[in-house]
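Q: the sequence and its predicted three-dimensional model are supplied below.
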Amino acid sequence: MIRLEEVTKKFGDFTAVDGVTLSVGKGEIYGLLGANGAGKTTLIRMMCGILSPTSGKGTVMGWDISREQSRIQERIGYMSQKFSLYPDLTVEENLRFYADLYHIQGHVKKRVAEVLAEWNLTEWRSTRVSALAGGWRQRVAFASATLHAPPLLFLDEPTSGADPATRRAFWDGLYRLAEGGTTILVTTHYMDEAERCDRVAMMLRGKVAAEGRVTDLRREYAGVLNKPRPTLEEIFHHIIRGRGEKHGQKLG
């Protein structure tokens, strides 16, 4: 579903993403783990066709990320760090707007009712988004991103600042989607969320510093750290120390 080879993005003299190579298979939940400024958002925007890479190449669902951005954008779901909802519209009006945006044909009322029920939003359907608490707005944003049942879903730190109940509901929803064949790429700086992913790429200063299944990463670094079951945080900070990094790499 996703294949990147040496993808780099520069903004002037600043390199935000530096030679990233990775692949994501169908139905997989793939996590990008890293602190703020690690390059996660820039990388996800290139995969979504919002930014073009400076160098390297990649495909998303077989379409080129440099030349076929519009085709990619038509098929994916994307939830950004900042909510792209209309606060003066009700929950249902926001969903109907996205149904038009995604060109959902027929049975729109039924589909909106389905996602309202799936995210426990039915009783809030006539409430303006501006009146909702942050966790409920996140549910509406996620419902909007999945309304058209995309085969590939990009989520950029979707639970940042969310309450524990919202985070649990969010991950339960992700598992249901993945079981149905949806491929999911999610960025996070929460260790417990990273451990829920099928595979994780740890990003540091625009590079992928380590990548693999959590169990494989623990096995790989057990001897190095002299611990039978090192945590992802211990592995991450070991990588930081090995590269001489000192600041700005705090994870949750």
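A: The structure has been received and is ready for your questions.
Q: okay, now Met191: neighbour count?
A: For Met191, the neighbour count with other Cβ atoms under 10 Å is 18. Every C-beta, even on glycine, is put in place using the N, C-alpha and C of the backbone.
Q: ok, it to Gly242 distance?
A: 19 Å (Cβ to Cβ, to the nearest Å).
Q: from Met47, how far off is Thr183?
A: 11 Å.
Q: residues of the helix or strand where Leu177 lies that come out buried?
A: If you go by DSSP states H and E, Leu177 is part of helix 164-179. By 16 or more other Cβ atoms under 10 Å, the buried positions in helix 164-179 come out as Thr166, Arg167, Ala169, Phe170, Trp171, Gly173, Leu174, Leu177, Ala178.
Q: C-alpha coordinates for that helix, PDB please?
A: Taking C-alpha atoms only, helix 164-179 is exported to PDB below (Å, rounded to 0.1, in the frame of the first residue of the first chain):
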ATOM      1  CA  PRO A 164      -8.200   8.100  28.300                       C
ATOM      2  CA  ALA A 165     -11.700   7.100  27.300                       C
ATOM      3  CA  THR A 166     -11.400   8.700  23.900                       C
ATOM      4  CA  ARG A 167      -8.000   7.200  23.300                       C
ATOM      5  CA  ARG A 168      -9.400   3.700  24.100                       C
ATOM      6  CA  ALA A 169     -12.400   4.200  21.800                       C
ATOM      7  CA  PHE A 170     -10.100   5.500  19.100                       C
ATOM      8  CA  TRP A 171      -7.900   2.400  19.200                       C
ATOM      9  CA  ASP A 172     -10.800   0.000  19.400                       C
ATOM     10  CA  GLY A 173     -12.100   1.700  16.200                       C
ATOM     11  CA  LEU A 174      -8.700   1.300  14.500                       C
ATOM     12  CA  TYR A 175      -8.600  -2.400  15.300                       C
ATOM     13  CA  ARG A 176     -12.100  -2.800  13.800                       C
ATOM     14  CA  LEU A 177     -11.000  -1.000  10.600                       C
ATOM     15  CA  ALA A 178      -7.700  -3.000  10.300                       C
ATOM     16  CA  GLU A 179      -9.600  -6.300  10.700                       C
END
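Q: distance of the residue lying farthest from the centre of the chain relative to Ile240?
A: Distance from the C-alpha centroid of the chain peaks at Asn226, with 32.3 Å (Cα atoms, centre = their mean). Applying Cβ to Cβ, the value for Asn226 to Ile240 is 18 Å.
Q: what do you get for Ile29?
A: According to Cβ to Cβ, Ile29 and Ile240 sit 25 Å apart.
Q: the two: who's more crowded?
A: Ile29 (22 against 19).
Q: any idea what the more buried one is bridged to?
A: Ile184 (DSSP bridges).
Q: for it, give me its contacts.
A: Leu174, Tyr175, Ala178, Ile184, Val186, Arg196, Cys197, Asp198 (Cβ atoms under 8 Å, 6 or more residues apart in numbering).
Q: how about the secondary structure of the fifth one?
A: In the three-state summary, Val186 is assigned as strand, counting by DSSP: H, G, I helix; E, B strand; the rest coil.
Q: pretty sure it contacts Glu193?
A: Yes - under the criterion of Cβ atoms under 8 Å, Val186 makes contact with Glu193 at 7.5 Å.
Q: more crowded one of the two?
A: Looking at Val186 and Glu193 with other Cβ under 10 Å, you find the greater number of neighbours at Val186, namely 26 against 22.
Q: tell me, how many residues neighbour the nearest residue to that one once chain neighbours are set aside?
A: Distances taken as Cβ to Cβ, 6 or more residues apart in numbering place Leu155 nearest to Val186, at 4.3 Å, with adjacent residues excluded. If you count neighbours by other Cβ under 10 Å, Leu155 ends up with 25.
Q: the chain should start at 433 in everything you say after this.
A: From this message on, residue numbering opens at 433, which makes the last subject Leu587.
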